[in-house]
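*Asks:* Next input, structure requested:
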Amino acid sequence: MLLLKLSKSTSFIARKFAGTRKSLAKALVKDATEGCICDDIIFHFDKRLMDQKRLIALASGALEREEFILAKRYFNKDDRIMEFGCGLGVAAARLIKAVQPASIICFEANPLAIEYASVLFSNNNMNVNLLQGALGDGSKKNFYACNDYILSSFDEPSEHQNYKKIEVATFELSDLIHRHKPNAIFCDIEGAEQHFCDPHKMENIDKVVIEFHPEVYGKAVLKQLSKAFIDADFQLRETLKQTYFFERTA
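*Replies:* Numbering: from 1, shown residues only. Sure, this is the predicted structure:
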């Protein structure tokens, strides 16, 4: 099995200068390349979900980097983690390898992304409860799964015509917390946090790593969302770009 593994210097260049990934892919990714290694984790190369440039980004540790850094810094082996919007499972896999949490349950709406994450976790002997679904009001919603999984959304695409409409279950945050009893939340749901990630409903949650998306709802709403955590007895400990870490103070 031919696996791509980047040197530390090449990984730094690929992370720091995204424009280099095309040339790096041309030089380093072979026809027989079946995946890559990052943090001693094997990521398989699924051409339905990634091109060679994205494989370079994956091998360099660039994907979901800020979320992973904060989670690695503040989560530990005693944490019971619930992740919303796990995508391909990249951040979850790296977090498991780095922290070995007590448990982790991951939710993702896109069935193709779930398929990738399931194989990823299995190939690396990781015990993850992986479920299809999303935060919401408890009803079923139309989800538009695009060929490029990053463009998939609950909003019908206006420009990207290659998509499949499917029905996905949504779950209320408080119900999931009551059912699964996590103490830490890991969240990247592409702007839906504005409606469905109310910190006042996070009973018994003491740690939250969340990526905000002000490009979706504006800076004024971002301030409101951050203030809501403070009002719910969380303290903002650290930020990396648009990813925030909150810790409960009481």
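
*Asks:* For this structure, give me the ranges with low pLDDT.
*Replies:* 160-161 (pLDDT under 70).

*Asks:* Start from the N-terminal end of it and give the helices.
*Replies:* Shown for the chain, the helices assigned by DSSP state H span residues 8-16, 21-28, 52-60, 65-74, 90-99, 111-123, 173-180, 193-196, 214-217, 219-231.

*Asks:* residues near L173, how many?
*Replies:* 22 (other C-beta atoms under 10 Å). To be clear about C-beta, it is placed using only N, CA and C from the backbone, and glycine gets the same treatment.

*Asks:* ok, now which ones touch it?
*Replies:* 135, 196-198, 201-202 (C-beta atoms under 8 Å, 6 or more residues apart in numbering).

*Asks:* Just those: which are in strands?
*Replies:* Using DSSP state E, L135 are the members of the contacts of L173 that sit in strands.

*Asks:* Can you turn the buried part of the contacts of L173 into a PyMOL selection?
*Replies:* To isolate the buried subset of the contacts of L173 in PyMOL, counting by 16 or more other C-beta atoms under 10 Å, use the following:
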select buried, resi 135+196+197+198+201+202
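
*Asks:* quick check: longest strand of this structure.
*Replies:* Every strand in the chain considered (DSSP E), the longest is strand 163-171.

*Asks:* how about that strand: buried residues?
*Replies:* Quick answer for strand 163-171 (16+ other C-beta under 10 Å): 163, 168-171.

*Asks:* just to revisit the earlier point, any idea which of the contacts of L173 is the one closest to K241?
*Replies:* C197 (18.1 Å; C-beta to C-beta).

*Asks:* circling back to that earlier point, for H44, which of the helices of the chain is the nearest?
*Replies:* Here helix 111-123 is closest among these (C-beta to C-beta), at 6.3 Å.

*Asks:* so how far is Q224 from the spatially most central residue of the chain?
*Replies:* Centroid-nearest residue in the chain, with C-alpha atoms, centre = their mean: C86, separated by 3.9 Å. For C86, the distance to Q224 equals 26 Å [C-beta to C-beta, to the nearest Å].

*Asks:* Dump the helices of the chain to JSON lines, plus distance to P157.
*Replies:* Formatted as JSON lines, those follow (distance: least, C-beta to C-beta, whole Å):
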{"stretch": "helix 8-16", "distance to P157": "29"}
{"stretch": "helix 21-28", "distance to P157": "25"}
{"stretch": "helix 52-60", "distance to P157": "20"}
{"stretch": "helix 65-74", "distance to P157": "25"}
{"stretch": "helix 90-99", "distance to P157": "23"}
{"stretch": "helix 111-123", "distance to P157": "15"}
{"stretch": "helix 173-180", "distance to P157": "26"}
{"stretch": "helix 193-196", "distance to P157": "20"}
{"stretch": "helix 214-217", "distance to P157": "15"}
{"stretch": "helix 219-231", "distance to P157": "23"}
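
*Asks:* Roughly how far does V90 sit from K227?
*Replies:* 30 Å.

*Asks:* before we move on, what about K201?
*Replies:* Taking C-beta to C-beta, one finds K201 at 16 Å from K227.

*Asks:* With P111 instead?
*Replies:* 36 Å.

*Asks:* quick one on the thing from earlier: helices or strands next to the longest strand of the chain in the packing?
*Replies:* strand 134-135, strand 140-146 (3 or more C-beta pairs under 8 Å, 6 or more residues apart in numbering; DSSP states H and E).

*Asks:* Can you give me the buried ones in the last one?
*Replies:* Neighbour counts over strand 140-146 (16+ other C-beta under 10 Å) mark 143-146 as buried.

*Asks:* so which of these comes closest to D188?
*Replies:* The shortest gap between D188 and any of these belongs to F143, at 16.1 Å (C-beta to C-beta).

*Asks:* before we move on, back to that, F246: which of the helices and strands packed on strand 163-171 is closest?
*Replies:* strand 134-135 (16.7 Å).

*Asks:* Which residues does the closest one contact?
*Replies:* Counting by C-beta under 8 Å, 6+ apart, 84-85, 107-109, 141, 143, 154, 168-173, 176, 189, 192-193, 196-197 sit against strand 134-135.
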